[in-house]
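Asker: sharing a model that was predicted from the sequence below.
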Amino acid sequence: DQQVKQNSPSLSVQEGRISILNCDYTNSMFDYFLWYKKYPAEGPTFLISISSIKDKNEDGRFTVFLNKSAKHLSLHIVPSQPGDSAVYFCAARKSGANNLFFGTGTRLTVIP
Amino acid sequence: EADIYQTPRYLVIGTGKKITLECSQTMGHDKMYWYQQDPGMELHLIHYSYGVNSTEKGDLSSESTVSRIRTEHFPLTLESARPSHTSQYLCASSESGQLEAFFGQGTRLTVV
């Protein structure tokens, strides 16, 4: 049973515009959420995280929003750059645990 | 920059062979993980370790085994490879108390 869902397998955005990647989860015991970026032939790299007690966390061009009542989070990238083209994974951690539950990823393509 | 290494990067091997996937990290992290990812699917945790001589099964059942004799080394072994083991295997590590995990580049295993 998939507890972290990324329903959009791919997204294309024009350079300079905003990219919005979405993630839904089903387990209310998740207390931390993370976004990872993965380039081809490389392992995922950590991008940004958010605690369940917050609704927004910003780091440069990247902002993650959390809506606990809807069990939904999103990653905003603005402005999008061609170098942002990658697969983005949403991940979540259960309270008290150390392993992460991952979504299936969304492939972002930023068109120059 | 994360210092976690996996070898080999790619492996094509015949059914019935014994294989060991290597993972080493130089960050002194206590926690190490093995994830399995099929194309277009989420990462699934198959093994984790909280320290030397500590290994646990992950959420996804796997016929592989792991060992943690040294802090920096967390090899994964398949005693008899089968085509169903064809997948990408990602090793990760994290520091105690830290949420984000650092990933290696992965081993893409093909069993023919």
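Answerer: Done, it's in. Numbers count the residues shown, from 1 in each chain, chains lettered A, B, ... in the order given.
Asker: rest of the way, CA atoms for contacts and neighbours
Answerer: OK.
Asker: neighbours of the nearest residue to B:K57 once chain neighbours are set aside, how many?
Answerer: Spatially, and ignoring its direct neighbours in sequence, B:K57 is nearest to B:H47 (4.6 Å; CA to CA, 6 or more residues apart in numbering or on different chains). By the criterion of other CA atoms under 10 Å in any protein chain shown, B:H47 has 26 neighbours.
Asker: is it true that B:H47 touches B:E63?
Answerer: No. Using CA atoms under 8 Å, B:H47 makes no contact with B:E63, being 10.6 Å away.
Asker: ok, back up a step: pull the CA atoms of the one helix or strand the residue nearest to B:K57 maps to into CSV?
Answerer: Per DSSP states H and E, B:H47 falls inside strand B:43-51. Output in CSV follows, covering the C-alpha atoms of strand B:43-51 (Å, rounded to 0.1, in the frame of the first residue of the first chain):
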residue,chain,number,x,y,z
LEU,B,43,12.2,3.5,-3.5
HIS,B,44,11.6,0.7,-1.1
LEU,B,45,13.7,0.2,2.0
ILE,B,46,15.0,-3.4,2.1
HIS,B,47,17.6,-3.3,4.9
TYR,B,48,18.9,-0.8,7.4
SER,B,49,21.5,-0.7,10.1
TYR,B,50,21.8,1.6,13.2
GLY,B,51,25.4,0.7,13.8
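Asker: residues of the helix or strand just after it that come out buried?
Answerer: The C-terminal neighbour of strand B:43-51 among helices and strands, as given by DSSP H and E, is strand B:54-57. Buried residues in strand B:54-57, counted by 16 or more other CA atoms under 10 Å in any protein chain shown: B:55, B:57.
Asker: other SSEs contacting the helix or strand following strand B:54-57?
Answerer: Using DSSP H and E, the helix or strand that follows strand B:54-57 in sequence is strand B:65-66. Where contact means 3 or more CA pairs under 8 Å, 6 or more residues apart in numbering or on different chains; DSSP states H and E, strand B:65-66 is packed against strand B:76-78.
Asker: ok, now with 10 Å
Answerer: Secondary-structure packing of strand B:65-66 (3 or more CA pairs under 10 Å, 6 or more residues apart in numbering or on different chains; DSSP states H and E): strand B:19-25, strand B:43-51, strand B:54-57, strand B:76-78.
Asker: the helix or strand just after the last one pairs with which strands, and in what direction?
Answerer: To tie it back to what came earlier, the one meant is strand B:76-78. Once strand B:76-78 ends, the next helix or strand along the chain (criterion: DSSP H and E) is strand B:87-94. Take DSSP bridges as the rule and strand B:87-94 pairs in its sheet with strand B:31-37 (antiparallel), strand B:102-103 (antiparallel), strand B:107-111 (antiparallel).
Asker: between these, which gets nearest to A:Y36?
Answerer: strand B:102-103 (10.1 Å; CA to CA).
Asker: centre of the chain to that closest one, how far?
Answerer: Distance of strand B:102-103 from the chain centroid (CA atoms, centre = their mean, to the nearest Å) equals 11 Å.
Asker: equivalent analysis for stretch B:96-106, please.
Answerer: Averaging C-alpha positions (CA atoms, centre = their mean) puts stretch B:96-106 12 Å from its chain's average.
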